[in-house]
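J.: have a look at this prediction, sequence included:
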Amino acid sequence: MEVNKKYSILFVCLGNICRSPAAQAVFQHMVDERGLTACYEVDSAGTYGGHSGDLPDRRMRVHARRRGYELTHRARRITRDDFERFDLVVGMDNGNVADLERLAATVEEARKIVMMGDYIRQMRHYDYVPDPYYEGSEGFELVLDLLEDACENLLDQQERKRINNK
């Protein structure tokens, strides 16, 4: 990571209305709490553009707000430019990762793609973040539990790399 360059992370799910905007908000909250706002750029997108311009799902906003996260991101579809703009592209499940791999134009772009499940520590029986869209309240709470755990681990790992590269 270059000195004085923000490390950029893009969180990606299908519609960019539940998991990825929640991951963006959780990660940004952790970055801000640690006083690292100047070190990271965080965004989210979807592999499907049908919700473009929409706020996150109301149910996700309600559950996130209870935990202190405000989800104000407007849904957007991932673009070709995102692979150049972001250092890390984080898919929420196998389908998202497969879609991202198909979009990657080069080996270098494909190397930027990781799965959020790789960062889950506490709930190891989950290797992906499930889509809560057709679930009840428990599904949204589960997603937030998984994202809080995975985002903390992701940030810890990135900070170790950043500090070691100074």
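T.: Looks like it arrived, so ask away.

J.: and residue 12, what helix or strand is that in?
T.: strand 7-13 (DSSP states H and E).

J.: pLDDT (mean, whole number) over the following helix or strand past that strand?
T.: The element immediately downstream of strand 7-13 (helix or strand, assigned by DSSP H and E) is helix 19-33. Here helix 19-33 scores 98 as its mean pLDDT.

J.: got the buried residues for helix 19-33?
T.: In terms of neighbour count (16 or more other CB atoms under 10 Å), helix 19-33 has its buried residues at 19-31. C-beta here means a position set from N, CA and C on the backbone, and glycine is covered the same way.

J.: tell me which residues in the very next helix or strand once past it are buried?
T.: The helix or strand immediately downstream of helix 19-33 is strand 40-46, counting by DSSP H and E. Going by neighbour count (16+ other CB under 10 Å), the buried part of strand 40-46 is 40-46.

J.: for this protein, just list every one of the strands.
T.: Assigned by DSSP state E, the chain shows strands spanning 7-13, 40-46, 88-91, 113-115.

J.: pretty sure residue 99 sits against residue 47.
T.: Yes: taking contacts as CB atoms under 8 Å, residue 99 lies within contact range of residue 47: 4.2 Å.

J.: which one's more surrounded, those two?
T.: When neighbours are counted by other CB atoms under 10 Å, residue 99 and residue 47 differ, and residue 47 comes out ahead with 22 against 18.

J.: roughly how far does the more buried one sit from residue 71?
T.: 19 Å (CB to CB, to the nearest Å).

J.: with residue 109 instead?
T.: Looking at residue 109 against residue 71, where the rule is CB to CB, the gap reads 28 Å.

J.: how about residue 29?
T.: In this view, residue 29 and residue 71 are 11 Å apart by CB to CB.

J.: so for residue 109 and residue 71, which residue has more residues nearby?
T.: In this comparison of residue 109 against residue 71, neighbours counted by other CB under 10 Å, the higher total goes to residue 71 at 22 against 18.

J.: not counting sequence-adjacent ones, nearest residue to the more buried one?
T.: Of all residues not flanking residue 71 in the chain, residue 56 sits nearest, at 4.3 Å (CB to CB, 6 or more residues apart in numbering).
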